[in-house]
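>>> curious how this folds, go ahead:
(4 chains)
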Number of protein chains: 4
Amino acid sequence: MSELKIGLAGTGAIGRTHIDRINNRLRGGRVIGCADANADYGKAVAKQYGMKGYESPEAMINDPQIEAVIVTAADAWHAPYVLEAIRAGKPVFCEKPLSPTPALCREIVDAEIAGGKHLVQVGFMRRYDPGYVQLKNLIDSGKYGAPLVLHCCHHNYDDGGVGWKTRMSVENSMIHEIDVLRWLLGEDYKKVDVVCPRSSRHSGDCRDPQIMHLTTESGIYIEVESFIFSHHGYDVRCEVVCEEGILNLPEPPYAMIRANDARITPICHDWSERFPEAYNIELQNWIDASREGRVDGPAAWDGYVAQITAGCASEARDSGVSVDITIPEMPGFYKNA
Amino acid sequence: MSELKIGLAGTGAIGRTHIDRINNRLRGGRVIGCADANADYGKAVAKQYGMKGYESPEAMINDPQIEAVIVTAADAWHAPYVLEAIRAGKPVFCEKPLSPTPALCREIVDAEIAGGKHLVQVGFMRRYDPGYVQLKNLIDSGKYGAPLVLHCCHHNYDDGGVGWKTRMSVENSMIHEIDVLRWLLGEDYKKVDVVCPRSSRHSGDCRDPQIMHLTTESGIYIEVESFIFSHHGYDVRCEVVCEEGILNLPEPPYAMIRANDARITPICHDWSERFPEAYNIELQNWIDASREGRVDGPAAWDGYVAQITAGCASEARDSGVSVDITIPEMPGFYKNA
Amino acid sequence: MSELKIGLAGTGAIGRTHIDRINNRLRGGRVIGCADANADYGKAVAKQYGMKGYESPEAMINDPQIEAVIVTAADAWHAPYVLEAIRAGKPVFCEKPLSPTPALCREIVDAEIAGGKHLVQVGFMRRYDPGYVQLKNLIDSGKYGAPLVLHCCHHNYDDGGVGWKTRMSVENSMIHEIDVLRWLLGEDYKKVDVVCPRSSRHSGDCRDPQIMHLTTESGIYIEVESFIFSHHGYDVRCEVVCEEGILNLPEPPYAMIRANDARITPICHDWSERFPEAYNIELQNWIDASREGRVDGPAAWDGYVAQITAGCASEARDSGVSVDITIPEMPGFYKNA
Amino acid sequence: MSELKIGLAGTGAIGRTHIDRINNRLRGGRVIGCADANADYGKAVAKQYGMKGYESPEAMINDPQIEAVIVTAADAWHAPYVLEAIRAGKPVFCEKPLSPTPALCREIVDAEIAGGKHLVQVGFMRRYDPGYVQLKNLIDSGKYGAPLVLHCCHHNYDDGGVGWKTRMSVENSMIHEIDVLRWLLGEDYKKVDVVCPRSSRHSGDCRDPQIMHLTTESGIYIEVESFIFSHHGYDVRCEVVCEEGILNLPEPPYAMIRANDARITPICHDWSERFPEAYNIELQNWIDASREGRVDGPAAWDGYVAQITAGCASEARDSGVSVDITIPEMPGFYKNA
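Numbering: from 1, shown residues only, chains lettered A, B, ... in the order given. Model prediction:
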């Protein structure tokens, strides 16, 4: 079978990382063209990689040579490019969020259903992290009973200079937990509140840390702590308290050092060091499934549900009271997936 | 200096443990008499240990030979015996709770102030655990900035057959966290809620686990998970998220074993294995201070504040909404302590 | 650039694993043919994978379509196939050992030098394990001073039914440490002894465990414990005692579980679970370098030195006294590599 | 029962630590007098503690008021004072070594036997460390099969300015392992060698680290690494490889801290921080047993055997070859103990 010919829309840092990954390490696909809303920039990157450049992502998506699309543009461009790919009938991998606007997510869902073909995958890469997969297997084994409570944290050393805002802790950071825990537990959420404890002196104007509490349909209670300016490292933890055991996400495998009167094991400094294998597996699986006409990963529906939940969480944080989450009934189209 | 002559009121299991500890291992004190509300039982225990027996704890407290009193009776008897000791002008160590009833705690506080002499210590032994002391020293060093969030858990394997009730998770279990965290942070609480997630199938009629959220005066946010029927072991953890570091209560020092395709480190099965050194230090310090006419440990005021907080937590659990905690102003008598 | 067309000699279990890896996961190469000393077996495997079959590995190696060779045959066949590949002027990846016989290793070295082209890589995959790479980077950073002592262990749960013999602990198991520690430290060995402690009742007629002591040119002292019938799991550890710190090979990232009164972290049961990523990186690097006409990995020289060392270790074990190791001077051909 | 009246011979730092421990924390004994070879110094310390002073340790030992003796003098004085106590028929606790000279140890053994009364205990306090006791219980449980190999280390940050010499690594440091491992395994040693790897640049003229290999009667093989100028912390580790599991001495219980991109758990800086509880238990047990006319702890025989073994180890280090250890038959006097 020949390689999947991929076009990439949005040639920023993450996009270029995906190009390197697909063209130098993974198997079965090749990014052969790229484009950006800033046409000159997109063409410059295309030239640099020896690829085909285009006037616009839309033009690229509709190039008959392009068989599949990756969207790594700014969040606001996700929906338009994904919708264009659906119109073109091509598989599309869209970095999270599917769209910051739940209504646009719904539009994508409806377009995909109307098209009658599963085409959209959302870049919730944690589902592919071997650590989370271990947790899921342990839970699903039934050996430890039902999950009752989850304790999670998602810490950054700082905001890396991007100008963090209070709302981003839910929308850009804890959105990962919103998706991966829903997948881990196999349940939708029914209630959310967000508490803002005393802020760190490093957090500027942001409310930081923030603690999100989610309750699932069966009453599982989840605590997620986001701490962007934690000033200790990039750290993601997840503990699942079950009826007969407590399961912990593995720590990354770093060398332990005895020095300076201490046992010292590194923590990642930067998010980019934490889940490299998850990105590899995610994209390899997407390439493999796309070549066979399937979508195996997080679907447009998952992207939609995550944004509904995040919207409720933001509302809960702003209002200071808990918010009920109402998830529409899942269309049969996705149930069969 | 001669040994402190101690009388013990309430000759159940904990009382006898204290007798063994003081008479065989600690220095400077000796339990020379004991009594119980059940007079015959008290006298039988006295005989067994070769001690002086009494018709009643009150009679024992007023025996001129007795210089100091330990109260290990059933909770309802704590206040009467402590008040009797105050009337007798003798130092009294009372197991927690000082009294289940905040009003009776206040009566003790007022009686102690009226007597003009510091006499009462409450048995919150975790303040003496070397692990908590390490945490306190780390926080107080200022090296890691201000504490912002605490994550704590207090798990039992099961209820040991005592017939656990939903209310006991706050009143008998998390009461320890209520006191020790207040001491650790040096702040009173201003708000509490208690969430009941999905219960374990091992928890019978109890709501279990329960999660208590406390907010301190400065906005530190505390999560305490009580899980009585955890079916994994007796486990107490405490993690303090500070502005520049996260501090964890040490795990007990058990041998790590590689066997059966796993690295295995024991967890205590039973509460009695977890804090033996804390009990030793607590009682040694009480004996030392009593001989010098001081009370160095948790005072009647601390016992009172803990019961006010626990009362609010119980109310919050029953009502399902958060409850504001109003702590009366601390009398100058205790400020000077 | 088109894919590297690879022929595989020796179609047993490891060979088929390499086929799966290269053809389904790695990039830039494809196994297009295979052969076995047992011609029928080789052809059956070829048919199963839809590949070209051959009468013999030699025939395959000389097929002009084949651009590079992988040798995964039984140990005795390594030298003949590698020499055939050298004669054919094709890059060849040979699973360890290059040959069990040092003289045959030397013959390969001489043939490669005579051919004037770097062609041979030996399958010491631990050099590609991210954990060992971390150790090497930490040592090479100079931050912890010079290495002085190494403590290593290489444990199997049992022999997997292969019929282990005493000599195999050095030749088939600790041979990995012989190579990877030489690479880690950048020094040859000058002395070796092997001690046989009391054997386990599970070890049958084998001397097991065995402890090998290696001394390097600069006096670094290395202890390697091989324990084939350890009955606890497959476990590889490496601790490097330096002048200002002690460095430990990371443990594999498994979920930690609190259950049954213990904290439990899995250990691999089987060698195949321990270094999957190392195999991926090793073969990807071999494909990448082969396409560019280079050999970046362990060379024929390294394979030769490892077998000289293993031979001395076997002699030391049999004689019960330490043996001096004399490594011939490295030919300039390999110094330039 | 009245308190055991103790006299202490040798009023240096360790002696004064024992005084504090016995008089302020332990139960059932009291140091009431002390003396030193330097009479003025001994009397000054006596005055400082409000105790009886003496012209000499011998005078003190023979004071009828003194019921038991602790020897914390310089090593050379151990034998004379212990012999004096035996002559006086009084229980005597002697810090290790019983004597640096095996012949003097034997003289003590013979004197004790001649006196017909168990009087001597040697200060090998590690036998009382709860961690080693855990190890012993695990081994003795039989659950993990027979011990086959032990890996131990005994690291100091540096020599604390005492002017370390090469011979002291065996005689003053690894002497602890010599005793505690013999107790742990319940076997005498039959062979020893000592290897000196490349020395650290921090070790001055000393051979440091040193690695001692001991073989027991049943063939258990023991590796002990002494590294005095380790420049990483004071660290004692012990790993017991058994037929069905590997047992590790617990690490001391320190708070784990996440900070500076790392998980950090302190290691002791100084030996005095590592075994405080072992010293408490050791002396309490000695007091308890002495009051009842027993010696429960390490006997004169154990002190003698340790010095024979250390002597062989020193010889092995100096000669560079392994030395057979011949332990005389244990007198029936000690077998009955």
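>>> chain C contacts on the stretch 101-250 of chain A?
Counting by C-beta under 8 Å from any C-beta of the partner chain, the residues of the stretch 101-250 of chain A close to chain C are A:130-131, A:134-135, A:138, A:144, A:244-250. For the C-beta atoms, the positions are set from N, CA and C on the backbone; glycine is no exception.
>>> from the residues you listed, which ones fall inside strands?
Cross-referencing these against strands under DSSP state E gives A:245-248.
>>> do you know how far residue A:85 is from chain B?
Distance of residue A:85 to chain B, given as C-beta to the nearest C-beta, to the nearest Å: 40 Å.
>>> now do residue A:325
Distance of residue A:325 to chain B, given as C-beta to the nearest C-beta: 16 Å.
>>> need the contact list for that residue.
A:188-192, A:308-309, A:312 (C-beta atoms under 8 Å, 6 or more residues apart in numbering or on different chains).
>>> can you pick out the most distant pair from the residues you listed?
Using C-beta to C-beta, the contacts of residue A:325 span at most 13.0 Å, a distance reached by A:191 and A:308.
>>> show me the helices in the stretch 1-150 of chain A, by range?
Secondary structure of the stretch 1-150 of chain A (DSSP state H, counting those that start in this stretch): helices at A:13-24, A:39-48, A:57-61, A:78-88, A:102-115, A:130-140.
>>> quick revisit: switch the contacts of residue A:325 over to a markdown table; also include secondary structure and neighbour count.
Shown next, in a markdown table, are the contacts of residue A:325 (DSSP: H, G, I helix; E, B strand; the rest coil; neighbours: other C-beta atoms under 10 Å in any protein chain shown):
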| residue | secondary structure | neighbour count |
| --- | --- | --- |
| A:188 | coil | 16 |
| A:189 | strand | 23 |
| A:190 | strand | 16 |
| A:191 | strand | 17 |
| A:192 | strand | 25 |
| A:308 | helix | 19 |
| A:309 | helix | 25 |
| A:312 | helix | 26 |
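>>> save the residues you listed as JSON lines, and put in pLDDT and distance to chain D too.
As requested, the contacts of residue A:325 are arranged in JSON lines below (pLDDT from 0 to 100; distance: C-beta to the nearest C-beta, whole Å):
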{"residue": "A:188", "pLDDT": "97", "distance to chain D": "32"}
{"residue": "A:189", "pLDDT": "98", "distance to chain D": "28"}
{"residue": "A:190", "pLDDT": "98", "distance to chain D": "33"}
{"residue": "A:191", "pLDDT": "98", "distance to chain D": "30"}
{"residue": "A:192", "pLDDT": "98", "distance to chain D": "27"}
{"residue": "A:308", "pLDDT": "98", "distance to chain D": "33"}
{"residue": "A:309", "pLDDT": "98", "distance to chain D": "28"}
{"residue": "A:312", "pLDDT": "98", "distance to chain D": "31"}
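>>> circling back: looking at the ones in strands among the residues of the stretch 101-250 of chain A next to chain C, which is nearest residue B:55?
Distance to residue B:55, by C-beta to C-beta, is smallest for residue A:246 among these, at 50.0 Å.
>>> quick check: the residue lying closest to residue A:115 once chain neighbours are set aside vs chain D, distance?
Leaving aside its chain neighbours, residue A:115 sits nearest to residue A:86 (5.5 Å; criterion: C-beta to C-beta, 6 or more residues apart in numbering or on different chains). Separation of residue A:86 from chain D (C-beta to the nearest C-beta) stands at 42 Å.
>>> with residue A:176 instead?
20 Å.
>>> can you report phi and psi for that residue?
phi -60, psi -50 (degrees, to the nearest 10).
>>> quick one, what contacts it?
Contacts of residue A:176 (C-beta under 8 Å, 6+ apart): A:96, A:124, A:126, A:154.
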